[in-house]
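In: Provided below are the primary sequence and the corresponding predicted coordinates.
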Amino acid sequence: MKLPSRFKILTLRDLRFVFSATLVSRLGDGVTKVALAYAVLHLTHGSATDVGIVIAAQIVAQVSVVLISGVVADRSSRRLVMMAADLTRFAAQGAIAVLLLTHSATLALVIVSQVLVGAGTGFFDPASNGLLPAVAGDYLHEANALMGIARAGALFVGPAIGGVLVVAFGPSEALLVDAASYGLSALCLACVSAAAGTAHRDEGAEPEGFIAELKGGFRETVSRTWVWAIIVGLGGMNALYSSWEVLGPKICQAFYGGAGAFALMTSLWGIGTLCGGALLLRFKPKHPLRLGVTMCIPLTIPMGLMSLHVPLWVPAPIQLIAGLGPAMFNALWWTALQQNIPKQAISRVIAYDYAGSYGLTPIGMAVAGPVAALVGLAPALGMFAAAGLLVNGITLLVPSVRNLTAPAAQADIVEA
């Protein structure tokens with residue numbers, strides 16, 4: 001079977017195994033979104049608050065370890081860091097699934113398991129983004145686009161698989177499938193050549209202490225205006241958009257007939273993200289961050305429209321367009337970092353990116369409900385949407401964000 005030209009990078013052996021590892025582990029994550037919620041609801045007899053606590057514990061653990069993981073990945077084998085993270089998640093998710101199956105689980109044990117899963121993800125992601133340039137070579141743009149497709153597809157398909165598994169077998173069995181996905185990911189990474197996974201260091205350079213390397217990563221981050229401006233903008237944007245996770249189901253329940261509307265908007269988002277990754281396989285923009293940030297402008301527009309109670313057919317197509325933005329932005333952003341940050345510091349800079357981009361997300365989710373209680377559901381959603389537009393606009397005003405240029409050998413002649 002002949003691959004289309006843009007997919008021929010999958011003939012690169014190491015990249016193929018890294019791509020496979022990402023795909024299967026992300027599919028497992030999607031399964032968990034459904035399975036974990038229903039497992040906790042069954043365990044606690046319907047407590048939505050406990051579901052929120054478990055999910056928050058995973059996110060907090062991920063953000064808490066990410067700076068440490070960046071240093072570890074930059075001073076050791078990124079491939080081995082990823083494998084260790086996968087095996088930790090495999091053990092934690094498998095253990096809690098068995099405990100749930102045997103009716104031995106408690107809420108505290110579920111929380112502990114998800115703290116370990118979150119910590120594993122916190123170690124996996126910076127190492128993964130640091131490893132990709134070593135296995136993609138001259139095809140870094142296409143590799144990031146393909147990774148975006150894998151993540152988007154898993155986000156779209158994983159929860160559907162999780163729903164089928166929960167209905168057919170139960171949430172505990174579905175969590176076992178998630179555990180198996182981490183094990184399969186580790187096996188794929190074991191097939192990647194050891195040389196590709198080795199972190200790059202200048203020849204003859206003496207290893208620095210942990211704190212010194214942490215500070216070095218911070219200097220690499222703040223020394224480039226376009227890097228810290230994007231991270232600050234992402235932190236604000238993610239915190240504001242997270243209000244949709246809390247208020248979206250409520251606005252759909254109140255004005256759009258319930259869960260069906262929320263499911264539709266979620267599905268349209270997923271389709272949009274898939275299309276965004278596919279579009280980037282077709283061309284490489286001259287100004288990647290200008291295009292990436294611009295494509296994120298529609299992100300909160302559907303939220304704002306729904307706060308005005310307009311008919312669903314108005315925000316629905318915009319939601320599809322909005323889904324393009326994050327997939328395109330992430331691929332362009334990671335490529336820009338990987339092309340412009342020294343190889344020996346890339347995992348640390350990406351760790352600061354994760355910490356800054358997602359550090360405020362739990363706070364955004366926590367305050368959305370109280371703000372809605374204070375000012376009303378629709379006004380709160382409208383406020384968060386308007387603030388998101390403002391943050392995107394301010395980020396786009398930064399000259400170095402608009403004007404960063406892709407390497408001449410890498411960019412197509414496409415103005416963006």
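Out: Yep, it's here. Residues are numbered from 1 along each chain as shown.
In: nearest residue to Ser25 other than its sequence neighbours?
Out: Excluding the flanking residues, the one nearest Ser25 by CB to CB, 6 or more residues apart in numbering is Ser185, at 4.0 Å. Just so you know, the C-beta spots here come from the backbone N, C-alpha and C atoms, and that holds for glycine as well.
In: isn't there a helix covering the one you found?
Out: Yes. Assessed by DSSP: H, G, I helix; E, B strand; the rest coil, Ser185 belongs to a helix.
In: Got the confidence number for it?
Out: Model confidence at Ser185, given as pLDDT, is 93.
In: now it: how far from Ala145?
Out: Per CB to CB, to the nearest Å, Ser185 is found 20 Å from Ala145.
In: averaged over its residues, what pLDDT does the helix or strand hosting Val63 have?
Out: In the assignment (DSSP states H and E), Val63 maps to helix 48-75. Averaged across helix 48-75, the pLDDT comes to 81.
In: now it, how far from the centre of its chain.
Out: 13 Å (CA atoms, centre = their mean, to the nearest Å).
In: List the buried residues of the next helix or strand after it.
Out: With elements assigned by DSSP H and E, the helix or strand that comes after helix 48-75 is helix 78-101. Buried residues in helix 78-101, counted by 16 or more other CB atoms under 10 Å: 78-97, 99-100.
In: Which of the residues in stretch 35-43 are classified as buried?
Out: Per 16+ other CB under 10 Å, stretch 35-43 contains these buried residues: 35-40, 43.
In: Contacts for it, please.
Out: Under the contact criterion CB atoms under 8 Å, 6 or more residues apart in numbering, stretch 35-43 has outside partners 47-48, 50-51, 54-55, 100, 105-107, 110, 114, 162, 165-166, 171-172, 174-175, 177-178.
In: Name the SS class of Pro311, please.
Out: Of the three states, Pro311 takes coil under three-state DSSP.
In: Next up, phi/psi of it, please.
Out: Per-residue torsions, Pro311: phi -60, psi 150 (degrees, to the nearest 10).
In: Packing partners of the helix or strand in which Gly216 is found?
Out: Secondary structure assignment for Gly216, by DSSP H and E: helix 210-222. Secondary-structure packing of helix 210-222 (3 or more CB pairs under 8 Å, 6 or more residues apart in numbering; DSSP states H and E): helix 48-75, helix 225-241, helix 346-358.
In: picking that back up, out of the buried residues of stretch 35-43, which comes closest to Phe262?
Out: Ranked by distance to Phe262 (CB to CB), those are led by Ala37 at 14.1 Å.
In: Give me the distance between the closest one and Val54.
Out: Taking CB to CB, one finds Ala37 at 8 Å from Val54.
In: and if you look at Leu324?
Out: Taking CB to CB, one finds Leu324 at 31 Å from Val54.
In: Tell me which of those two has more neighbours.
Out: Per other CB atoms under 10 Å, whichever of Leu324 and Val54 has more neighbours is Leu324, with 24 against 21.
In: Could I get the phi/psi values of that one?
Out: Note on Leu324: backbone dihedrals following degrees, to the nearest 10 are phi -60, psi -40.
In: Count the neighbours of the closest residue to it other than its chain neighbours for me.
Out: Nearest residue to Leu324, sequence neighbours excluded (CB to CB, 6+ apart): Gly276, at 3.9 Å. Neighbours of Gly276 under the rule other CB under 10 Å: 26.
In: On the pLDDT front, check Gly276 for me.
Out: In this prediction, Gly276 carries a pLDDT score of 80.
In: That one reaches Met295, doesn't it?
Out: Yes. Gly276 is in contact with Met295 according to CB atoms under 8 Å; the separation is 7.4 Å.
In: where do the contact lists of those two overlap?
Out: Contact criterion CB under 8 Å, 6+ apart; residues shared by Gly276 and Met295: 324-325, 328.
In: now those as CSV including pLDDT?
Out: Converted to CSV, the shared contacts of Gly276 and Met295 look like this (pLDDT from 0 to 100):
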residue, pLDDT
Leu324, 86
Gly325, 84
Met328, 85
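In: Closest to Ala254 out of the residues you listed?
Out: The closest of those to Ala254 turns out to be Gly325 (CB to CB; 26.6 Å).
In: which residues does the closest one contact?
Out: 272, 276, 292, 295-299 are the contacts of Gly325 under CB under 8 Å, 6+ apart.
In: Repeat that for Gly216.
Out: 208, 345, 348.
In: excluding its backbone neighbours, what's nearest the first one?
Out: The one in question is Glu208. Spatial nearest neighbour of Glu208, chain neighbours left out: Gly216 (6.8 Å); criterion: CB to CB, 6+ apart.
In: Cys188 too?
Out: Of all residues not flanking Cys188 in the chain, Ala21 sits nearest, at 3.9 Å (CB to CB, 6+ apart).
In: cool, and Val314?
Out: Closest to Val314 by CB to CB, 6+ apart is Leu305, at 5.7 Å.
In: for the helix or strand hosting that neighbour, packing partners?
Out: Leu305 is part of helix 301-307, with elements assigned from DSSP H and E. Using 3+ CB pairs under 8 Å, 6+ apart as the contact test, the elements touching helix 301-307 are helix 243-255, helix 315-340, helix 377-397.
In: which regions of the chain sit below the pLDDT cut-off?
Out: Under the criterion pLDDT under 70, the flagged ranges of the chain are 1-8, 10, 46-49, 156, 195-207, 258-259, 408-416.
In: Outline the domain layout of it.
Out: The record's domain parsing of the chain by automatic domain parsing lists 1-200, 207-416.
In: got the contact list for the helix or strand where Gly270 lies?
Out: Take DSSP H and E as the rule and Gly270 turns out to sit in helix 259-280. With CB under 8 Å, 6+ apart as the test, helix 259-280 has contacts from 141, 144-146, 148-149, 151-153, 155-156, 248-249, 252-253, 256, 295, 302, 312, 315-317, 319-328, 331-332.
In: just stretch 50-67 next, same as before
Out: Contact partners of stretch 50-67, identified using CB under 8 Å, 6+ apart, comprise 36-37, 40-41, 43-44, 107, 110-111, 114-119, 121-123, 125-126, 214, 217, 348, 351-352, 354-355, 358-359, 361-362, 365-366.
In: For the residues you listed, I'd like a selection string for ChimeraX - just the buried members, please.
Out: Per 16+ other CB under 10 Å, the buried members of the contacts of stretch 50-67 correspond to this ChimeraX selection:
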select :36,37,40,43,44,110,111,114,115,116,117,118,119,121,122,123,125,126,214,217,348,351,352,354,355,358,359,361,362,365
